[in-house]
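>>> this is a predicted model, with the sequence first.
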Amino acid sequence: MFGRLNLWEASWEEDELTKKLREGYLTALQELDDGKLETTIPRAFEYVRKLYPVNKERAFNVYHFINTLMEEGTPMILAGKFNVVEVFARADRKEEPRDETKKRLFEIYNLLKRFINYTDERIRDIPAMLFGLGKTV
């Protein structure tokens with residue numbers, strides 16, 4: 001398992017595929033459009049799924065890219081405009097959003113949480129495929 005992780009970390013580099021995915025992701029994030037994010041994220045994982053049998057290094061590259069963007073990039077980008085710690089904490093407590101912008105941030109947070117935790121049905125197979133971890137997480 002750790003050998004695969006080392007391969008994934010060592011292989012990170014931006015290529016045309018990740019540039020295209022990044023552009024779509026960042027545009028959706030800038031527009032606070034969870035619908036566009038919900039298209040872009042599964043598309044990235046679909047590339048991982050397609051690439052893995054033929055080019056494991058590239059599959060891990062895309063996997064690392066999308067996870068880094070969701071887990072680290074998104075909070076940093078949003079923190080430039082919003083108090084994401086407060087907003088995401090409120091979303092986690094299932095509070096009602098106070099305005100339309102907060103509602104959109106809550107939706108983005110909940111969407112990212114499903115993908116990061118692999119609870120979204122469309123990507124549940126990814127940890128098993130890449131890391132040999134059970135069929136679902």
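Yes, it's here.
>>> can you map out the helices along this structure?
Along the chain, counting by DSSP state H, helices occupy 2-10, 16-30, 34-51, 56-68, 74-79, 84-92, 100-116, 126-131.
>>> from residue 105, how far out is the residue of the chain most remote from its centre?
Distance from the C-alpha centroid of the chain, by CA atoms, centre = their mean, peaks at residue 98 (25.5 Å). For residue 98, the distance to residue 105 equals 11 Å [CB to CB, to the nearest Å]. For the C-beta atoms, the positions are set from N, CA and C on the backbone; glycine is no exception.
>>> residue 15 now?
30 Å.
>>> which one of the two has more residues nearby?
A direct count of neighbours by other CB atoms under 10 Å for residue 15 and residue 105 places residue 105 higher, at 23 against 11.
>>> which residues does that one contact?
The contact partners of residue 105, by CB atoms under 8 Å, 6 or more residues apart in numbering, come to 32, 78, 82, 84, 87-88, 91, 97.
>>> check residue 22 too.
Per CB under 8 Å, 6+ apart, neighbours of residue 22: 14, 65, 69.
>>> can I get these in JSON lines with neighbour count and pLDDT?
Shown next, in JSON lines, are the contacts of residue 22 (neighbours: other CB atoms under 10 Å; pLDDT from 0 to 100):
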{"residue": "14", "neighbour count": "11", "pLDDT": "71"}
{"residue": "65", "neighbour count": "24", "pLDDT": "93"}
{"residue": "69", "neighbour count": "21", "pLDDT": "94"}
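>>> closest to residue 129 among those residues?
residue 65 (16.5 Å; CB to CB).
>>> shouldn't the closest one be in contact with residue 14?
Yes: here residue 65 reaches residue 14: they are 7.5 Å apart, a contact under CB atoms under 8 Å.
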